[in-house]
Structures are given as C-alpha cells and as structure tokens.
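Colleague: just coords:
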C-alpha cells in the first residue's frame, strides 16, 4: 500500500516517517485479542485508513491521534465493534503507560515497558543536581555508543563513526546490552565500566586494609568484588610481629561486609561480594556455617573452593588434611564425608555456601604462567586472577528467533559487533587502581553471554526440560563461542593480541593472534534483562504470570508475552485464568490449559534439579569463563537432593554450583504465594521485586 502522506507528528511534537505497516500490525493485534485474526481483512482495513489519511491530510502532517481515531472508525464501519473496543483499550493502556513514564520524568521513544523505564530512571539515566532525569533511553544508548566507540576517533574517525552507529543499533534494538557499570558510567566523569573484579587478600594487616580501600572504590563506581581468604592464617595462629594470635578469615570478612554496607554502589547499586575459602583451610567449618547467624555477612555470597583430592577423599570415605596456609603444616585431619555433609546441609538450610571446583577452573586458566585462579566475581561466572577485572555483555537471544528457528546470520553479525564493543570498553575504561589496569590490559578478558534463553525456547516451541533444549543450548553457545573467537582473532590482527598472549594457552594451541584471553561468559542479567524484557541469562521462567512490586507500593500483573499470545490464539485466555496462574506462577495444575502448553511453559520450580545442572553443564562446554546458574529446589527438597546435584555438577565438569531451596534465605526477592503468604486483595500471589528477572532470588545476585 502506498501513502501520499509521508510524515506524522508524534505526541512529543517530533515529526517522523509515516509507516502504514504499523497501522496494520496494531489492527492485527486487536483482532488477535478477540480471536478474530483475518490477514486479508486487516490489510483491507489498513488500505481504507491510509486512503482516508491521504484524502484528509493531503499536503498536511497528521497527528498520531488523528490516525488512531480513523482506525477506530474504520473498524466500526467494517462491523468489528469488539475489535474496535480492543483497539481502544490498547490505546488507553498505552496512554496510561505514557503517563506513568512521564510521572517518572522519562520520555521514552523506544516504547520500553513501564518496569524497564522504572529501572532506567532509578539506576541508569543521567540526572542533574536536582535529581531530575536529563536523558531519554535513546540518548542513553547514544551516550554509551559514542563513549565506547571513541577509542577509534584519533586514528580512524570513520571507523569510530561506524562503530558508534553499530553499537547504538544493537543496544537500541535490545539485541545486546552491556553490564550495568557500562550503562551507568560510559561517557561520564566516573568512567568505570567493568562489572567484576577479584582482589587479593594477603596475610598482613597492611595488605588486608589496602584491599578494603580498593573494594570501597570499586563498589562506589558500580563494580562487584570477589576475594579468596585462603591465604589468611587460621584463628588462634601465632603472629610473630606482634606476639599475639590471629583472629582468622571470618573476622576480616566482617570488616569487608561492614565496609560494603557503608558504600552503596554509586548511589544506585548495592555492593556485592564473593568470599571463597579453600576446603583444606583450618577454619573451613566456621566458614561453612557462618551465615547461619541471622544478619551475618549479608553482603557476601560464600563458596568453598573444592579440590579434586577432596572429592576423591569423599568418594573413598577417607580422612582429609586441613593445612595452615602460613606454615604449610597439617593442623588436623577430619573425615572428608563429614565435611561434605556439613557443606550440603548448610546449603540446603540457608543457601550458602556454594561450590567452586577450583581445579577444574585452573585446568582452563588461559594464562597459567601468569598466575593461579583463586576466586571469582560475586555470582561465580568470572574466574579471575588477583587484581583482574572483566567487562560483560549479553546478547538477547530471543531477538534472533524467526519462524521458530535461530537466524544464524544475524546472530553472527551481532556477536562480532558485541565482541568489538566489549574489547573497546577495556581501552576507554577508567580503572580504579593501577594494579587493576595493568593486569586487565595485559589479559584483556571479556565475557559475552546470552539472556532470554527461556524466551527463545518458547518461541521455538521447545520445553526447557528436554533433550531438544539441551541440543539447542549447545548449538547456540557453540556458535557464539566460535564466532566470538573469530571476532577476537580479527581484532587481534588489526590491533595486536593481548600482551600476555605468548604466555597463554592460545599460543600453545597454535593460534597466531587472539585479542582477548577469554571471550565468553554466562552471567545473570537481572536489571539488563528487565530493560530487554526477557528472562535472566540461561535461567528458565520463574513464573508464567505474577505480581511485580514496582514503586510506592504499586503492584503490576505481568504475563509471559508468548503465553498470552498463544492463549489468545487458541482461545483459552481470560483474566480469571491469569489470576489463577499468578497464585503459583506455574500452569502445571491448571485444568483448562491444554497439555502441550503445560509441557512447554515450565517454570524453575517445575523443573527437576537434574535438568538445571544438565543445562549449566551444556553451556559450560562452550564457555571460556564460567556459567552463573541457580539450581532451584522446592521447599520440601531434602539434603540428599542437594548432594545429588552437587555430584552431578562435579562429574559433568561444571566450574561451580549454586543451589537455592525455596524459603532458605530470608532476603529473597521472589515470593510464591502458595508457599509463603503474600496478600494482594486477599489472595496469595507470586510476588517479585522490581529488578528480579529470574535465577538466584536474593538481593546479592539479582542485578545485571
């Protein structure tokens, strides 16, 4: 269909291109809402709308409201009053969302969800000294793109312009988003763009408090920090310099925890830490049980660094030596299985500690000559050397599903652009300390992953807990890994390999160049998942329908868009059905839903822990760094269930594992009404906080 009217005036006064296909799409949506989709009729009505616009606004520019009024009238004239009503209600809903966004002080050209705008306003959009938002989401993406592309400007201005346009495009289309510090700080005075850091904790007061200072600086600019406390001498050990006794790792962890409380990240992000202790440290029992005290180490995730020798001792039921790291002397022996049982019981009871399979991590250390990995970032997906940092980004894989299949060509292009973006971040980054800058630039690690995997599976009609899903995950990540490596090689040929390349596994494997020591990571994508409107990382859906607590006590009902679409197409959608689903989040026991739909739309607590572990292991096979994934358990799960998951993760060569049994943490941001009462209008519903999009339902690891 052709239109003589070429421009249209938006509500904010902007003049933009008139695109008739958008009218047709809106009519089809209204028809679908009433289970009355008729492609030919939609096309015919659209032509009549366009003809009237041409007649009424010849050589004029219509307002968008004029066009929508014409659409309503034409639907009525065609004898479609119910479709017209659906279209009117859609206009009303969009108007309410626009008003809500204006209430937040945000102009939204990209038509993001209200919750996305709420998160952007609270965390990411720039504000003036009065706290007033001074940029739109589109301007935010332009700010980021310009800053990250600027590194090319001096030597190749044309390349800088090309990169800026490409970076803006993949972000504004929500095909790729970088980690939170990049979104917050790119193009600002702060300029700190990395999400994750590992800092050393040496066995000296001077060294420990230097690290506390560095941690505070990193938290203030939006980064998260990981530590290994394994070098600290055990509690009660003799200290020669003072003639006193050591207070042990736990006492110093409290110092880090208290400092984190004081420093709220950039005023916008809560500080997050990972504490790791080797399984052979004499204070390991105190470490394992430390968070059983209410309110203790609330800013830390805990993980035990598990060695192969310990796992063999557990298998053989033999004694295991606990060694003083300061003297290398054996302090005592304990039954390996007793220690193992304590770890399992604590994880079942309170969700901590997780496990980090430290030998498996170091078998894949890309620069073993430079150092040994002892710790990871707060959510475990990024093993790093002391002082190393890494910047992360995630491809919205749901955006690349077309006609129930992955568009591999488009995905390959996006991977190339994303690797280029993340590599540039290293050079434009303002690092918190010289030590961090030196090793980060020497290894140039980046972490490209995905989000929206559950949504992609739904679009492809593949249940999460199926062999087909594992095959799809493997194929997707293998492709991203291979294309990511190719992109890193290409950049290396232009700009040079990372400085430690000659001391890396890449040189030993016969590669001529490689720009980055690592390329891929699967990270949790809490807030960036909210912005993109998709599920977190590779997690399954946490609920099909639920209540989201947004702001000022306001609660919004959210429904998975794919479920809503199918339910309307197959004519079993109703508001009463949505209310029923929102009580548990699951459709497993809802009688009126067809069996094939129940099989497809499984949630995190519907899926057995074994499928969670298998999915994590599947992705790990094609990830340079590690995979952040929560293994979900129902409230009634037993410690034996946790043990089975731990063994499976170890045998399937995962680099770590985090389990979460519903109700085991007091600060969870996900509440299931049928398990823990959460009243909304007198009925129990699934309720989540504004920035939760799936995965670990606690405040430490719920942010992207």
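Modeller: Perfect, thanks for sending it. Because the structure is predicted, anything quoted here is derived from the model rather than measured.
Colleague: Doesn't residue 303 belong to a strand?
Modeller: Yes: counting by DSSP: H, G, I helix; E, B strand; the rest coil, residue 303 is part of a strand.
Colleague: Mind listing the residues bridging to it?
Modeller: Residue 303 has these beta-bridge partners by DSSP bridges: residue 276, residue 354.
Colleague: what about it, neighbour count?
Modeller: For residue 303, the count of nearby residues is 26 (other Cβ atoms under 10 Å). (Each C-beta comes from the backbone N, C-alpha and C, glycine too.)
Colleague: What residues does it make contact with?
Modeller: By Cβ atoms under 8 Å, 6 or more residues apart in numbering, the residues touching residue 303 are 274-276, 353-356, 376, 380, 656, 658.
Colleague: ok, now residue 360?
Modeller: Going by Cβ under 8 Å, 6+ apart, residue 360 touches 653-655.
Colleague: and which of these is nearest residue 493?
Modeller: residue 655 (30.0 Å; Cβ to Cβ).
Colleague: Without its sequence neighbours, what residue ends up closest to that closest one?
Modeller: Nearest non-adjacent residue to residue 655, counting by Cβ to Cβ, 6 or more residues apart in numbering: residue 626, 4.1 Å away.
Colleague: ok, that neighbour touching residue 657?
Modeller: No: here residue 626 lies out of contact with residue 657, judged by Cβ atoms under 8 Å, at a distance of 10.5 Å.
Colleague: Looks like residue 440 contacts residue 425 (just checking).
Modeller: No: counting by Cβ under 8 Å, residue 425 is not a contact partner of residue 440; they are 10.4 Å apart.
Colleague: Show me the common contact partners of those two, please.
Modeller: Common contacts of residue 440 and residue 425 (Cβ under 8 Å, 6+ apart): residue 194.
Colleague: Highest neighbour count among the contacts of residue 360?
Modeller: residue 655 (27 neighbours).
Colleague: Please report the distance of the closest residue to residue 627 other than its chain neighbours from residue 324.
Modeller: Distance criterion Cβ to Cβ, 6+ apart; nearest residue to residue 627, sequence neighbours excluded, is residue 522 at 4.1 Å. Residue 522 is 36 Å from residue 324, where distance means Cβ to Cβ, to the nearest Å.
Colleague: try residue 82
Modeller: Noted for residue 82: a distance of 77 Å to residue 324, by Cβ to Cβ.
Colleague: More neighbours: which of the two?
Modeller: Neighbour count, other Cβ under 10 Å: between residue 82 and residue 324, residue 324 has more, with 17 against 14.
Colleague: Could you point out the helix or strand that follows the one helix or strand residue 455 maps to?
Modeller: Assessed by DSSP states H and E, residue 455 sits inside helix 453-459. Once helix 453-459 ends, the next helix or strand along the chain (criterion: DSSP H and E) is helix 467-495.
Colleague: what comes up buried for that next one?
Modeller: Buried residues in helix 467-495, counted by 16 or more other Cβ atoms under 10 Å: 469-470, 472-474, 476-477, 479-481, 483-485, 487-489, 491-492.
Colleague: what do you get for stretch 147-164?
Modeller: For stretch 147-164, by 16+ other Cβ under 10 Å, it's 147-152, 160, 163-164.
Colleague: What lies in contact with stretch 244-256?
Modeller: Stretch 244-256 is contacted from outside by 201, 208-209, 212, 215, 227, 229-230, 232-239, 273, 275, 277, 281, 283, 286-287, 290, 296-297, 299-300, using Cβ under 8 Å, 6+ apart.
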